[in-house]
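**Student:** pasting a predicted model and its sequence here:
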Amino acid sequence: MKLLSNILSFTLLATLLWSCGLDNYDEPKSKLYGKVTYNGEALGLRGTGEAIQMQLYQDGFELRDPITVYVGQEGTFEALLFDGEYKLVTKDKNGPWVNTRDTMVVNLKGSTQCEVKVTPYFTITGDAISLNGNTLSGTCAINKVVATANIDRVMLLLSKTSFVDEVNNIARKDFSGMTAGNASLSMDLTGNANVASAKALYARIGVKTSGADQAIYSKVIKLK
């Protein structure tokens, strides 16, 4: 019994020392932050479901698994890291832009800001959305950036939160067969109980490119 008691005491002491050792590790305190842009303008993206990702790699470590950085719907991102040199790339075949995966070297010390420049297939400008009774109307200019790109669909979206995209919405209408240029969209909301009971309403326009896994979006507009 005494031997068993000594073994248990030693095991408990070892566990406590190991736990204290874990607690003594420094946490990452340096911040990498920035935005994904085209021509200096941050892009409108899907911000829910961790849909848009970038990856950080650090040379000189045995484990080379990337650190995932999630991009928000306004094209911004941030991550807490240890100081050092990192390589930042967009995730393979992820995002509404040309899949070049150019590597950006980031020397992180304290807080560091960076700009990830991409080439989207399309951009959306001059967007305006209004709600008149049960009719949601939107207009915008869809600008083709990549000559070979084709539009799979244009989406008019409505949400009861400020997060609006093709998955997070309470009303959605898709428009097919559209091409670049000026677009006029409308959606009848009659009978939509979620819209009728919503205390707040936010809207957005999205353009999905054929072959791309994500859409490009206009800015979020608060209607109510």
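**Tutor:** Structure received.
**Student:** what number of residues lie near Thr161?
**Tutor:** 14 (other Cβ atoms under 10 Å). The C-beta positions use only the backbone N, C-alpha and C, and glycine is treated the same way.
**Student:** and what about it, helix, strand or coil?
**Tutor:** The assignment at Thr161 comes out as coil when based on DSSP: H, G, I helix; E, B strand; the rest coil.
**Student:** for the closest residue in space to it that isn't next to it in sequence, list each beta-bridge partner.
**Tutor:** Excluding the flanking residues, the one nearest Thr161 by Cβ to Cβ, 6 or more residues apart in numbering is Tyr202, at 6.7 Å. Applying DSSP bridges to Tyr202 yields these beta-bridge partners: Ser159, Lys222.
**Student:** my read: Tyr202 touches Tyr217, true?
**Tutor:** No: between Tyr202 and Tyr217 there is no contact, the gap being 11.7 Å when judged by Cβ atoms under 8 Å.
**Student:** give the residues shared as contacts by the two.
**Tutor:** Val164 (Cβ atoms under 8 Å, 6 or more residues apart in numbering).
**Student:** got any ranges where the protein has weak pLDDT?
**Tutor:** Along the chain, segments meeting pLDDT under 70 span 1-26, 60-64.
**Student:** for it, what spans make up the helices?
**Tutor:** Secondary structure of the chain by DSSP state H: the helices cover 2-23, 193-197.
**Student:** how much space between the residue nearest to Thr161 and Ala193?
**Tutor:** 18 Å (Cβ to Cβ, to the nearest Å).
**Student:** if you skip the residues just before and after it, what's nearest to Pro201?
**Tutor:** That one is not Pro; residue 201 is Leu. Leu201's closest residue in space is Lys224 (Cβ to Cβ, 6+ apart), at 4.1 Å.
**Student:** return the residues in contact with that neighbour.
**Tutor:** Contacts of Lys224 by Cβ under 8 Å, 6+ apart are 131, 198-201.
**Student:** check Asp152 too.
**Tutor:** By Cβ under 8 Å, 6+ apart, the neighbours of Asp152 are 176, 208-212.
**Student:** perfect, that will be all.
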